[in-house]
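1. Sequence and predicted structure are below.
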Amino acid sequence: MSDSAQLKELAQFLRDKNPQVRQIALANLLGQTPKGSPHRDIFYTGLRSGGLQQIQENDLIRDIKILCRDQLATAHDAFRALVNLSDNSLLVGSLSEPAFLKFLVSYILNPQAILADLASMLLSNLSAASSVCTALLSLKISLLPDPNSPLKWFPVDSRCGTCPAPVPYPKEEPKEALALPLLIDAFVKAAPGVEKVDPEKRTHKGDLHFLASVFANLSTTPAGRTFFLTPRSADPFGDDVDLEYPLSKLLAFTEHKDTIRRGGVASTIKNCAFHTPAHRALLAGEDEKVTVPPSTVAAPGIDILPYVLLPLAGPEEFDLEDQELLPPALQFLPPTKKREPDPVIRLTHVETLLLLCTTRWGRDYLRTHGVYEVIRALHENEEVDKISEEVERLVNLLKRDEGPDTEKDGEDIIAAAKVEESDDEDSKIEEI
């Protein structure tokens, strides 16, 4: 019997009643899931990804999806297998069907979910497909009010071997809520702080860094950008009268210690800057209420400039006159201040500033808020040619004289740019 046939024989044991048998069978199959494995094709046999044909999955993938709900060791290997296999578009339809997508998102949202980081990684890989982005934007999940939970609610579909239901089980009727605002809240609350905290005292068992890549992928679509740039209630059930732009919740992480989190947030900001009607809202301060046309709903300004400039700023001292131009967060930085170490993220922030130069109003705002001073110091210290070239383009737009003939200068940047294509950092498929 060939090796491939022997591996296929193992598949039947994924449904065995004995949990140890299920675990051993899956552990032996896991080694064939990374890209380049000799018998990887056994996982894709008989799959159809949709289109005009109905989505079809094979027994092997269906069993691995079910095992994501099993006990810890088995569920861990099941999530890992799907993370590795999700680089193939044939699998996207099967892994984004409503029941599994609801489980995946509900599991990530549950603070008690032990494998939430692996689930986030899988969702990140899946969201590289535009069809999954579309599904996520409209996805609703069931929540039960739970006064004993730190979140005050329990995601019904998260219940599984590594994520037990609360005891006593809530008696009230479940409510439905949009998933995406809840994912943003979970991303914010799960972020590890600067100081180490006892894992038992943290609200979430996972860090959820890979949700940043999900947001970046979502913001490559017009509907995704509209979500981040449409004021929403801070309450998942819409009971809160205070409105805010969802993008504003992500800004604080441009200086976070985790590269995945920083990079995903930087790309989300950049992608939102492609929407020129939003430039006033993106740059306005929190003390000013602004709209994003054609919407007439106003909310406090998003104020992205300090969060884009701070990673590009170093320890340089400026003249008092230049200092006063800078946003308050960038004035009198300590001599220990370091620039963003990742060149891809530095370039992303410079490209965001370039996109904000595509309108005359945006250029004028950047001129009067110290952008030239910060990027001049960046240019003097930059060692990556591509970043230096983009900084020079930015300087040319900021330092030229304006007149009626320059009113539309910068529009070519939008025309020539493509929003975070699949070969960019945040759309890359992760493998374990």
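-> Good, I have the coordinates.

2. State the distance from residue 349 to residue 387.
-> 10 Å (CB to CB, to the nearest Å). C-betas here are computed from N, CA, C, even on glycine.

3. Then residue 281?
-> Residue 281 is 27 Å from residue 387, by CB to CB.

4. So which of these two has more stuff around it?
-> residue 281 (28 against 20; other CB atoms under 10 Å).

5. Give me the nearest residue to that one, chain neighbours excluded.
-> Closest residue to residue 281 apart from its sequence neighbours, by CB to CB, 6 or more residues apart in numbering: residue 290 at 4.5 Å.

6. Identify the bridge partners of the one you found.
-> On the basis of DSSP bridges, residue 290 is bridged to residue 299.

7. I'd say it and residue 278 touch.
-> No: with contacts counted by CB atoms under 8 Å, residue 290 stays clear of residue 278, the gap being 9.2 Å.

8. where in the stretch 301-432 of the chain is pLDDT low?
-> 407-429 (pLDDT under 70).

9. I should have written the stretch 101-250 of the chain there, sorry.
-> 194-201, 236-241.

10. where along it do the helices fall?
-> Applying DSSP state H, counting those that start in this stretch to the stretch 101-250 of the chain gives helices spanning 116-126, 130-138, 179-190, 211-218, 222-228.

11. Go through these and pick out the most buried.
-> helix 211-218 (a mean of 28; mean count of other CB atoms under 10 Å).

12. Determine the angle, from 0 to 180 degrees, between that helix and helix 179-190.
-> Interaxial angle of helix 211-218 relative to helix 179-190 (axes from the mean of the first three to the mean of the last three CA atoms, to 10 degrees): 150 degrees.

13. Which secondary structure elements does helix 211-218 sit against?
-> helix 116-126, helix 130-138, helix 179-190, helix 222-228, helix 259-272 (3 or more CB pairs under 8 Å, 6 or more residues apart in numbering; DSSP states H and E).

14. In CSV, list those helices along with distance to residue 368.
-> Output for the helices and strands packed on helix 211-218, formatted as CSV (distance: least, CB to CB, whole Å):
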stretch, distance to residue 368
helix 116-126, 38
helix 130-138, 36
helix 179-190, 31
helix 222-228, 26
helix 259-272, 21
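
15. Residue 95: which of these is closest?
-> Of all the helices and strands packed on helix 211-218, it is helix 116-126 that lies closest to residue 95, at 5.7 Å by CB to CB.

16. can you list contacts of the closest one?
-> Applying CB atoms under 8 Å, 6 or more residues apart in numbering, the external contacts of helix 116-126 come out as 68, 76, 79-80, 82-83, 86-87, 92, 95-96, 104-105, 107-108, 110, 113, 132, 190, 204-211, 213-214, 217, 429-430, 432.

17. Any of the residues you listed buried? List them.
-> 68, 76, 79-80, 82-83, 86-87, 92, 95-96, 104-105, 107-108, 110, 113, 132, 190, 204-211, 213-214, 217, 429-430 (16 or more other CB atoms under 10 Å).

18. hang on, the earlier thing: any idea how many residues pack against the residue nearest to residue 281?
-> By other CB under 10 Å, the residues close to residue 290 number 18.

19. same deal with the one 5 residues further on?
-> By the other CB under 10 Å criterion, the neighbourhood of residue 295 contains 15 residues.

20. With adjacent residues omitted, what lies nearest to it?
-> Nearest to residue 295 is residue 230, by CB to CB, 6+ apart, at 6.4 Å.

21. Correct me if wrong: the one you found contacts residue 247.
-> No: counting by CB under 8 Å, residue 230 sits too far from residue 247 to count as a contact (9.7 Å).

22. Please identify which of these two sits among more neighbours.
-> Ranked by neighbour count (other CB under 10 Å), residue 230 and residue 247 place residue 247 first, with 25 against 16.

23. can you pull the contacts of the closest residue to the more buried one other than its chain neighbours?
-> Leaving aside its chain neighbours, residue 247 sits nearest to residue 228 (4.2 Å; criterion: CB to CB, 6+ apart). The neighbourhood of residue 228, defined by CB under 8 Å, 6+ apart, consists of 215, 218-219, 245-247, 268, 272.

24. so how far is residue 313 from residue 86?
-> When residue 86 is compared with residue 313 (using CB to CB), they lie 37 Å apart.

25. now swap in residue 226 and tell me
-> 31 Å.

26. roughly how far out does stretch 203-216 sit from the chain middle?
-> 7 Å (CA atoms, centre = their mean, to the nearest Å).

27. Can I get it in CSV? Just the C-alpha atoms.
-> Once non-C-alpha atoms are left out, stretch 203-216 reads as follows in CSV (Å, rounded to 0.1, in the frame of the first residue of the first chain):
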residue,chain,number,x,y,z
THR,A,203,-9.6,39.1,30.2
HIS,A,204,-8.6,37.1,27.1
LYS,A,205,-6.5,33.9,27.0
GLY,A,206,-5.3,34.9,23.5
ASP,A,207,-3.5,38.0,22.2
LEU,A,208,-5.5,38.1,18.9
HIS,A,209,-2.7,39.9,17.0
PHE,A,210,-3.7,38.3,13.7
LEU,A,211,-7.0,40.1,13.8
ALA,A,212,-5.0,43.1,12.6
SER,A,213,-4.4,41.3,9.4
VAL,A,214,-8.1,40.5,9.1
PHE,A,215,-8.9,44.3,9.4
ALA,A,216,-6.2,45.1,6.8
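
28. What lies in contact with the longest strand along the chain?
-> Ranked by residue count and defined by DSSP state E, the top strand of the chain is strand 140-145. By CB under 8 Å, 6+ apart, the surrounding residues in contact with strand 140-145 are 102, 105-106, 109, 152-157, 170, 172, 174-179, 182, 236.

29. mind running it again at 10 Å?
-> 101-103, 105-106, 109, 151-158, 165-166, 169-180, 182-183, 236-237 (CB atoms under 10 Å, 6 or more residues apart in numbering).
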